[in-house]
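**Student:** build me a model from this:
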Amino acid sequence: MAQPIEYEWTPANTTEVANVQSLAGAGSLVLNGSLVPHSTPNQGFVQFPNFSRTVSLTSVNNLSAVNFTINGFSEIGPIQETIAGPNNNTVESTVIFNKITSITTNAAAAAVSAGTGHIGRTYLFSFNYNSPYPALSVSVSVVGVITYTFQCTIENADLGNAFFFNPIAGMTNATTDQAGSISFPIKYAWIEISASTANAALVATFIQQGIV
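**Tutor:** Alright, predicted model coming up:
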C-alpha cells in the first residue's frame, strides 16, 4: 500500500543554526541554535530536517570586512562557501546546504548569529522507477508569501549538473495551494523554493502508487 511522504518548509529564522555570539578573533561559531536538538546533540553539526536551504548571517554590527566560511553537505557530498559578513542586516549564502558542520571567520566578529535562509528545496523524493505503475501525486499547501516549483530529473542527484524539468504547469512558480500528478518514470522529485518572506511556510506531500 502506498504511503505518503511529507516534507515541511519552515519560516526562515536568524538563530536556528547558531545563537548570537561574539568571537574575539578568527575562529568558529558554536553551532547551538534551535535546530541542534533536532539533529544529534553535542556532535558539532546541524542537520536541517526535511529541506536543504541557504544559510543566513545576522548582526547589528558592521562585519562586512569579515569573511565567514560555511562548511557542510548537500545531497551529493561536502560543500563550502565563503561570504562577507552582514552590516547591521542579514546576508545569505548562495549555496544550498542540508547539513552544517562549521562556520568559521578570518577575524573578530561581534554579536553575530547564523540561521536558515529564504531559498532552497525539500529533500529529494526517491522515485521507484521499477514500478509497473509509475504514478506520482503531489500536493503543496502554503502559508504566507512563497514561490515554489515541482521539479524532477531522470539523472543522478547532482543537481548542479543534472538536467531537471517542471512537468506540472500549475506547480511551476506557484504561490498558492496546488495538487498535481505525473504518470511516467523519473529518478528524483522535489519542491524548489525560489522566494519566500519571513513568515512563509510550506508542506509538500508525495505519494507514489505501489510504494510500501
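**Student:** what helices and strands are in contact with the helix or strand Ser113 falls within?
**Tutor:** Element membership of Ser113, judged by DSSP states H and E, is strand 109-122. Where contact means 3 or more C-beta pairs under 8 Å, 6 or more residues apart in numbering; DSSP states H and E, strand 109-122 is packed against strand 5-9, strand 13-23, strand 51-62, strand 87-92, strand 188-196. C-beta coordinates here come from the backbone N, C-alpha and C atoms, glycine included.
**Student:** who does that strand pair up with?
**Tutor:** When pairing is defined by DSSP bridges, strand 109-122 lines up against strand 13-23 (antiparallel), strand 51-62 (antiparallel), strand 188-196 (antiparallel).
**Student:** what about the residue in the chain sticking out farthest from the centre, helix or strand, and which?
**Tutor:** No residue in the chain sits farther from the centre than Pro132, which is 31.9 Å out by C-alpha atoms, centre = their mean. Pro132 is part of no helix or strand when elements are defined by DSSP H and E.
**Student:** which pLDDT value goes with it?
**Tutor:** Turning to Pro132, the model gives it a pLDDT of 83.
**Student:** how far away is it from Thr54?
**Tutor:** Remark: distance between Pro132 and Thr54 (C-beta to C-beta, to the nearest Å) = 39 Å.
**Student:** likewise for Gln209?
**Tutor:** 34 Å.
**Student:** and Thr205, by the same measure?
**Tutor:** Taking C-beta to C-beta, one finds Thr205 at 24 Å from Thr54.
**Student:** circling back to that earlier point, can I get the helices and strands packed on strand 109-122 in TSV with mean neighbour count?
**Tutor:** Shown next, in TSV, are the helices and strands packed on strand 109-122 (neighbours: other C-beta atoms under 10 Å):
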stretch	mean neighbour count
strand 5-9	17
strand 13-23	19
strand 51-62	21
strand 87-92	15
strand 188-196	21
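**Student:** need those in a markdown table with mean pLDDT and distance to Thr176, can you?
**Tutor:** Shown next, in a markdown table, are these (pLDDT from 0 to 100; distance: least, C-beta to C-beta, whole Å):
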| stretch | mean pLDDT | distance to Thr176 |
| --- | --- | --- |
| strand 5-9 | 95 | 15 |
| strand 13-23 | 96 | 24 |
| strand 51-62 | 97 | 20 |
| strand 87-92 | 98 | 25 |
| strand 188-196 | 96 | 14 |
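**Student:** and the ones you listed: which comes nearest Gln80?
**Tutor:** strand 51-62 (11.4 Å; C-beta to C-beta).
**Student:** how distant is that closest one from the center of its chain?
**Tutor:** Chain-centre distance of strand 51-62: 13 Å, with C-alpha atoms, centre = their mean, to the nearest Å.
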